[in-house]
Structures are given as structure tokens and as C-alpha cells.
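Asks: with the sequence up front, the predicted model follows.
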Amino acid sequence: MWAALKARLRRRTDEAEEPPPAPAATTPPSPAPRPGPPVPGGGRPGTPSTPAAGHADPAVFADGFFGRKVEEETLDDLLDSIEIGLLESDVALPVVERLRRDLRKEFVGRKLKRGLETETVIRGALEQSVRAILAQPPLDVAARVRAGARPFVILFVGVNGTGKTTTVAKIALWLRSVGLSSVIAAGDTYRAGAIEQLLVHGERLGVRVVRQQEGSDPAAVGFDAIEHARAKGVDVVLVDTAGRQHTNENLIEEAKKIRRVTRPALTLFVGDALSGNDVLTQAQMFDQAIGIDGLVLTKLDADAKGGAALSAAYVTRKPIVFVGVGQGYDDLRPFDPEWMLRRLFAEEAAS
């Protein structure tokens, strides 16, 4: 995100400093005025005054003591440019408005030197604001499991194509790495491929997958998995569900039934970071329909912009619990705000 913003700010500075083309001469030049007698202060009447060095570019700064002071009316132009860069980086409008307010407070009346100091101050102000946005109260899944009743049920919801089923398998491996056992409920009974996919994952990971035949009641599959976990002393039940669009009322009603039957201790929305602001709409609709406790964002490794993750945390007011950063089973990590901040403000992509 920062790399794209910095490139935009530098293009803006270059354009502001580029001298305007000289007007074409249409009449012969007039003879130079005859110099008049000297006047106090060293000038001569009839001779135009020359602006002092350093005053040629008033586009952003006004004169200030020990530097330049940002004028409020010219600050709007700078903030407009930053706003466009943020929107192009998939940052949602409510987040852009919050960042804009924070930058205005930081800049109005402040005295700065031109050039790199301006970039440094903009970056510092943005980092401070973004850090506050990402600082949602953390959701420590392992701690919640150890403190909760067994089996601890986690329900996964989301739309098609977000990597939800693979994420369930990744979380099963992560749970094992922190000393917790799990069983998977193959609740996507609409696609035979989804059941087979989970069976393959379970075999590779050594995790039991509870399933029924294609077309069976997904709530019943979840119930069977919970009973199996209770009988075998398994710590966590991971309930996969069919990908459903948030506008499909029948499937949303089915998700409500699964939730009533399984009574999950945690409901996680799985969203694709590459889908931009769509992930916000999806998460909000699922939260309104069935209630979610946190977010899992997949494909974050391929998201060069990063705005969707920032926006999701701010708009939904839900913590990001896990992020997917690759195709492997171990390419899942608990969300770390400082790690996300470093990604958002990385310099490499600047042009």
C-alpha cells in the first residue's frame, strides 16, 4: 500500500515542480525600460522584483519559520491524491475517511522541509493510524480452546472459491502444532468433490474426517462429528460448510440450522483477500445473518495491495484470526498486526 502511495506522491511532486512552457512570442519585444535613478534598498523603479529562492512552488507549503507550514486549502489537494492512492489499493471508503481525518490533524499548521521529510511525516502519520485500526482485541484460538468446554466447536462460513475447505485442513495442522487434537466435519454435502477433498486432506494429515453421502443434511454431519469427538476425547471439531453467496436466502437459512445444531463456540468467516471490497460486504452480511466472531483471510501472499485486510478489520470490527500466505498446509499463521503493518508499508513495490 505505502509503495503505491509513495510513487503517487513523487509523481505529484514532479508534476508540481515542472516549469510551465514558455508562451510563444506573438509581437516583437518592446525596448527595455530605461533604468531610473537608484532608490533606497538597492532597486530601480521600472524593474520587476524577483521572488526569493525557495518560494517558487507554493503547491503544498506556505512560508514558515525553520521550514514550510502546510496550508489547509492546499492540504486538501495532497489529501485528495492520498485518498485516490488508498482507494486504488482496495482500502474501503470508511477507512480512507478515517485516515484522511488523522492526516489532517497531523498536518494542518505543521512546519516541514520539502522533499523526503514530507514523505517521512506522511508515512509516520499513516503508520500510527493504521496500527490503531489493526489493534483489535486479539482472538487467541488455542487459549479459548483450553479454557472452554470440550469438544470445542468451530464453524467455518464463507462464499464459494475462497479456500475455505483447505483452510479447515490448515487449521487442523496448526491445532496439532499447539498440542490440540481435532476432527473435521465434511459439512459441504452439495459437492462430492468437497467431501473427497477433505478425505484427502485428512489422510495426509492423519486427521479423522466425519462424513455422510452427498446430499445429506450438513447439520447431521456436524452433530455426528461432535458425538465422535465427545466419545474419543478429541479437543476440537472443525465444521466445514458449503460455500454460499450471502444473497442466497435458502443456503443462509441452512447455515443458521447448522449453527443451531452444532452450537459452535467460535464462528469464523473465511474470505479471499484478493476479492477487494467484496470481502467486506460478504463478512458483514454473514455477521448480520448468523453472527461471526472473527475473520480468516486467504491468499494474502498474492495480495500486493493489502487494503482488503486493513478494511476488513476496521469495517467489520471483528479480529483477523488467521491469514493464509501460501498453498502448503503450514502456510497459515495467526494474525500479527505488526507483520501486517510491515507488509502494508513495504518499499519494494515502489516505482
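Replies: That came through fine.
Asks: what's residue 272 sitting at in phi/psi?
Replies: phi -90, psi 120 (degrees, to the nearest 10).
Asks: that one contacts residue 295, doesn't it?
Replies: No: with contact defined as Cβ atoms under 8 Å, residue 272 does not count as touching residue 295 (11.3 Å). For the C-beta atoms, the positions are set from N, CA and C on the backbone; glycine is no exception.
Asks: for the spatially closest residue to residue 151 that is not a sequence neighbour, give its distance to residue 146.
Replies: Nearest residue to residue 151, sequence neighbours excluded (Cβ to Cβ, 6 or more residues apart in numbering): residue 229, at 3.8 Å. Distance of residue 229 to residue 146, given as Cβ to Cβ, to the nearest Å: 15 Å.
Asks: tell me which of these two has more neighbours.
Replies: residue 229 (24 against 14; other Cβ atoms under 10 Å).
Asks: now the more buried one: which helix or strand?
Replies: Secondary structure assigned from DSSP states H and E places residue 229 in helix 218-232.
Asks: list the buried residues for that helix?
Replies: Buried residues in helix 218-232, counted by 16 or more other Cβ atoms under 10 Å: 218, 219, 221, 222, 223, 224, 225, 226, 228, 229.
Asks: residue 299: which of the residues you listed is nearest?
Replies: residue 218 (25.1 Å; Cβ to Cβ).
Asks: now that closest one. Nearest residue, chain neighbours left out?
Replies: residue 187 (4.0 Å).
Asks: who does the one you found form a beta bridge with?
Replies: Per DSSP bridges, the residues bridged to residue 187 are residue 241.
Asks: and it, what pLDDT?
Replies: Residue 187 is assigned 92 on the pLDDT scale.
Asks: quick one on the thing from earlier: distance between the helix holding residue 229 and the chain's centre?
Replies: 35 Å (Cα atoms, centre = their mean, to the nearest Å).
Asks: near residue 192, how many other residues are there?
Replies: 12.
Asks: wait, isn't it in contact with residue 215?
Replies: No: with contact defined as Cβ under 8 Å, residue 192 and residue 215 do not form a contacting pair (9.1 Å).
Asks: what residues does residue 335 make contact with?
Replies: 138, 319, 320, 321, 322, 323 (Cβ atoms under 8 Å, 6 or more residues apart in numbering).
Asks: element containing the last one, please.
Replies: Per DSSP H and E: residue 323 is located in strand 320-324.
Asks: rewinding a little: residues that sit against both of residue 272 and residue 295, list them.
Replies: Counting by Cβ under 8 Å, 6+ apart, nothing touches both residue 272 and residue 295.
Asks: what packs against the longest helix along the chain?
Replies: In the chain, with assignment by DSSP state H, the single longest helix is helix 116-134. Using 3 or more Cβ pairs under 8 Å, 6 or more residues apart in numbering; DSSP states H and E, the elements in contact with helix 116-134 are helix 2-17, helix 93-107, helix 307-316, helix 337-344.
Asks: for the stretch 1-150 of the chain, give me the ranges with low pLDDT.
Replies: 1-74, 109-118 (pLDDT under 70).
Asks: could you rerun that using 90?
Replies: Filtered on pLDDT under 90, the stretch 1-150 of the chain yields the residue ranges 1-95, 99-138.
Asks: start to end distance for stretch 205-222?
Replies: One end of stretch 205-222 sits 20 Å from the other (Cα to Cα, to the nearest Å).
Asks: in it, what's buried?
Replies: 205, 207, 208, 209, 210, 211, 212, 218, 219, 221, 222.
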